[in-house]
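Novice: Quick one: sequence plus predicted model below, questions after.
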Amino acid sequence: MPLSSPASDRHERHVVLIGLMGTGKTSVGRRVAMCLGRTFLDSDAQVEAGTGRTVREIFESDGEAAFRVLEAEALAEALARPEPAVIAAAGGVVLDPANRQRLRTLATAVWLRADPSLLTSRITSGDHRPLLDDDPLTMLQRMHEERSSLYDEVAEGRVVDVGSSIEEAVDGVLGLIS
Ligand code: S3P
C-alpha cells in the first residue's frame with residue numbers, strides 16, 4: 001500500500017463551488033483543480049462556448065428564463081462526466097430544485113460565502129453579469145437573502161467564508177473535501 005494516494009484519488013465525487021457572483025468560484029476552482037490534478041469547468045464558460053453567445057447576449061435576446069435552462073444543461077453535462085472534476089457553478093444554479101437534487105446526489109458542493117458589501121467592492125458586471133448593471137449592492141443583498149438557505153442546503157455544512165485571500169479560500173475548500 002502506498003503511504004499516500006495520488007491527489008485525484010482522495011475524493012471521487014465532483015467538487016462544485018457554489019455561491020454568489022464575485023465570491024471567487026472561478027479563480028478558487030481553477031487552483032483547487034490544479035491541486036487535485038483534475039479538470040476545471042466553469043458553467044458560464046460552458047454556456048458561452050456551447051451557444052457562441054455571451055451570457056449578456058442570451059439575457060438580452062432570450063431572457064433570464066432561457067438562460068436558466070442553458071445553465072441547468074451545462075451543470076448536468078459537467079456532472080455527467082465520468083472523471084471527477086472541479087466545477088465553478090454559476091451563482092443561480094441553486095434556484096432550480098432539480099439542480100439542487102443533482103448537486104446533492106452527484107457532487108460535493110462547497111459554498112463560498114461572502115458579505116454582499118465585500119462583493120460589490122471588488123466585482124465587475126461585465127459580459128456575464130447583466131444582473132449587476134444597475135444597483136449591484138441591492139441586487140447582491142437580495143440574492144444573498146433569497147439564496148443563502150439554498151446554498152446551505154446543497155453544501156450540507158461545507159462553507160468557506162471568503163475574504164481577500166484566494167489562497168486561504170483554496171485551503172479552506174481543500175480542507176473540507178479531503
Ligand atoms: C448569475 C451569476 C453569473 C451568471 C449570470 C447570473 C446569478 O455567474 O451566470 O450573470 O444569477 O447569480 P457567476 O456566479 O459565475 O458570476
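Specialist: Alright, I've got the coordinates. Everything numeric in this text was worked out from a predicted model, so none of it was measured. Numbers count the residues shown, from 1 in each chain.

Novice: tell me which parts of this structure are close to the ligand?
Specialist: Proximity of the chain to the ligand is confined to 21, 25, 44, 55, 90-92, 128-131 under the rule C-beta under 6 Å from any ligand atom. For every residue, glycine as well, the C-beta is placed using N, CA and C.

Novice: V162: which of those residues is nearest?
Specialist: Minimum distance to V162 across the residues of the chain next to the ligand is 9.6 Å, recorded for K25 (C-beta to C-beta).

Novice: Might one say that the closest one is in contact with G19?
Specialist: Yes: A contact is recorded between K25 and G19 when judged using C-beta atoms under 8 Å, the distance being 6.0 Å.

Novice: Please spell out which residues along the lengthiest helix in the chain are buried.
Specialist: For the chain, the longest helix by residue count, based on DSSP state H, is helix 136-155. Judged by neighbour count (16 or more other C-beta atoms under 10 Å), helix 136-155 contains these buried residues: 136, 139-141, 143-144, 147, 150-152, 154-155.

Novice: Looking at these, which one is closest to the ligand?
Specialist: Comparing those against the ligand with C-beta to the nearest ligand atom picks out M143 as the nearest, at 6.1 Å.
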